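Participant: Need the 3D shape of this:
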Amino acid sequence: MAETDSVFKLLERLPPRPSDSMDKVLDAAERCLARYGIRRTSMTDIAREMHVARTTLYRQVGSVEEAIALIASRQLHRFLDDLVSILSRPGGATPEDLLAAIATAVRVARTHPVSLRLLNDEPDILGSIVVHDLAPFASQIAEALAPVLHHAMATGVIRRGDPLLAAQWVVRTVAVLVVLPPEGRMEEFLDYALGPVLRAP
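Facilitator: The predicted structure follows:
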């Protein structure tokens with residue numbers, strides 16, 4: 001597992017939101033990771049996918065591991081952007097709106113090409129992430145999500161409480177569902193698991 005240790009080390013401190021100018025690099029990296037897997041993807045593969053020289057690629061991203069961390073950051077911020085957009089609707093938002101957004105996030109995570117590669121072809125890497133490396137990554141996501149939930153609490157969209165604890169519960173529920181989805185409808189399961197956290201008593 002030495003080849004993935006540096007990935008997990010990077011995920012201990014998720015990088016800031018990548019700029020839109022990085023999309024071409026990260027899209028190419030995603031395609032290569034989905035095609036070859038985490039172990040076999042190289043910077044040469046990504047450069048070839050972009051039709052650029054490796055030196056050009058290295059000026060934008062320093063390693064495959066850095067690209068993976070940036071991909072994770074991009075996905076997180078897209079999810080947060082969706083939540084902020086929901087909370088900013090002219091007619092207001094409801095707990096059901098947030099539950100629907102969380103359900104969508106689980107589906108996106110499960111069907112993302114890189115996730116599918118991990119789930120289907122590299123389960124040992126996924127197992128190592130879950131057992132050893134998920135906690136610090138989950139904590140970062142919860143810290144990023146907490147201000148969004150704090151705003152939702154302050155505006156009466158969801159029940160008041162500790163936004164960080166609520167965020168931690170949401171993140172851990174999503175992590176379980178990505179690896180072990182429910183047999184029934186996702187929305188029903190999330191309503192059962194997260195409804196008491198989000199709805200006013």
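Participant: ok, and the residue nearest to the spatial centre of the chain, which helix or strand is that part of?
Facilitator: Closest residue to the average C-alpha location of the chain: residue 76 at 4.4 Å, with Cα atoms, centre = their mean. With secondary structure defined by DSSP states H and E, residue 76 is part of helix 64-87.
Participant: for that helix, what is the average pLDDT?
Facilitator: Rounded to a whole number, the mean pLDDT of helix 64-87 is 90.
Participant: follow-up on the earlier one: skipping its backbone neighbours, what lies nearest the residue nearest to the centre of the chain in space?
Facilitator: Here the nearest residue to residue 76 in space, its sequence neighbours aside, is residue 141; by Cβ to Cβ, 6 or more residues apart in numbering that works out to 5.9 Å. No exception for glycine: its C-beta is placed from N, CA and C like everyone else's.
Participant: any residues touching stretch 96-114, and which ones?
Facilitator: By Cβ atoms under 8 Å, 6 or more residues apart in numbering, the surrounding residues in contact with stretch 96-114 are 30-31, 33-34, 71, 75, 79, 82-83, 86, 89, 115-116, 119, 152, 157-158, 170, 173-174, 177-178, 181, 186-187, 190-191, 194-195, 198.
Participant: Mind checking the pLDDT average for it?
Facilitator: 91.
Participant: chain center to the helix holding residue 76: distance?
Facilitator: Its chain's average C-alpha position is 6 Å from that of helix 64-87, according to Cα atoms, centre = their mean, to the nearest Å.
Participant: Any buried residues in that helix, and which?
Facilitator: In terms of neighbour count (16 or more other Cβ atoms under 10 Å), helix 64-87 has its buried residues at 64-76, 79-80, 83, 86-87.
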